[in-house]
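Novice: With the input below, show me the fold.
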Amino acid sequence: MVVRDVCTRWNYTHAMIRRGLLLKEAIDKWTFEVPALRGFVLTPNAWEYLEKLADLLEVCNFNFHLKIVTLNYFLRYTSPLQK
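Specialist: Residues are numbered from 1 along each chain as shown. From the prediction side, this is the model:
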């Protein structure tokens, strides 16, 4: 089952992306087979970006709980998203 983002749960975006990555093959098949959803087919680059974003959110979730995030530490994990 797909996890939907919820504005009252700040880490649900991470959970939603991780579940989407887990269901990647099914999502690709579904969006390709249903004509109304073809505009939502994700490219390989989009899937790669989501993987990097999920990794970033996982690091942020972990570190925000520990309250030890520094700009230097944060930038180290966001730099792959800029490529």
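Novice: remind me which residues of this protein are low pLDDT?
Specialist: Residue ranges of the chain with pLDDT under 70: 1-11, 59-83.
Novice: show me where it has strands.
Specialist: Taking DSSP state E, the chain contains no strands at all.
Novice: what residues are up against residue 28?
Specialist: 41, 42 (CB atoms under 8 Å, 6 or more residues apart in numbering). For the C-beta atoms, the positions are set from N, CA and C on the backbone; glycine is no exception.
Novice: rerun that using 7 Å as the cut-off
Specialist: The contact partners of residue 28, by CB atoms under 7 Å, 6 or more residues apart in numbering, come to residue 41.
Novice: separation between it and residue 56?
Specialist: To residue 56, residue 28 is 23 Å away according to CB to CB, to the nearest Å.
Novice: next one: residue 22
Specialist: Residue 22 is 18 Å from residue 56, by CB to CB.
Novice: Between the two, point out the one with more neighbours.
Specialist: Set residue 22 next to residue 56 and count neighbours by other CB atoms under 10 Å: residue 56 wins out with 18 against 12.
Novice: Would you agree residue 47 is in contact with residue 25?
Specialist: No: under the criterion of CB atoms under 7 Å, residue 47 makes no contact with residue 25, lying 10.6 Å away.
Novice: out of these two, which sits in the busier spot?
Specialist: Between residue 47 and residue 25, counted using other CB under 10 Å, the more crowded position is residue 47 (14 against 8).
Novice: hang on, residue 53 packs against residue 18?
Specialist: No: the criterion here is CB under 7 Å, and residue 53 misses it with residue 18 at 10.2 Å.
Novice: need the helices for the chain, in chain order.
Specialist: Secondary structure of the chain (DSSP state H): helices located at 12-22, 24-33, 44-66, 71-78.
Novice: Now do the second one and helix 12-22, the angle between them.
Specialist: Relative orientation of helix 24-33 and helix 12-22, computed by axes from the mean of the first three to the mean of the last three CA atoms, to 10 degrees: 80 degrees.
Novice: which of the residues in helix 24-33 are buried?
Specialist: Under the neighbour-count criterion of 16 or more other CB atoms under 10 Å, helix 24-33 has residue 27 buried.
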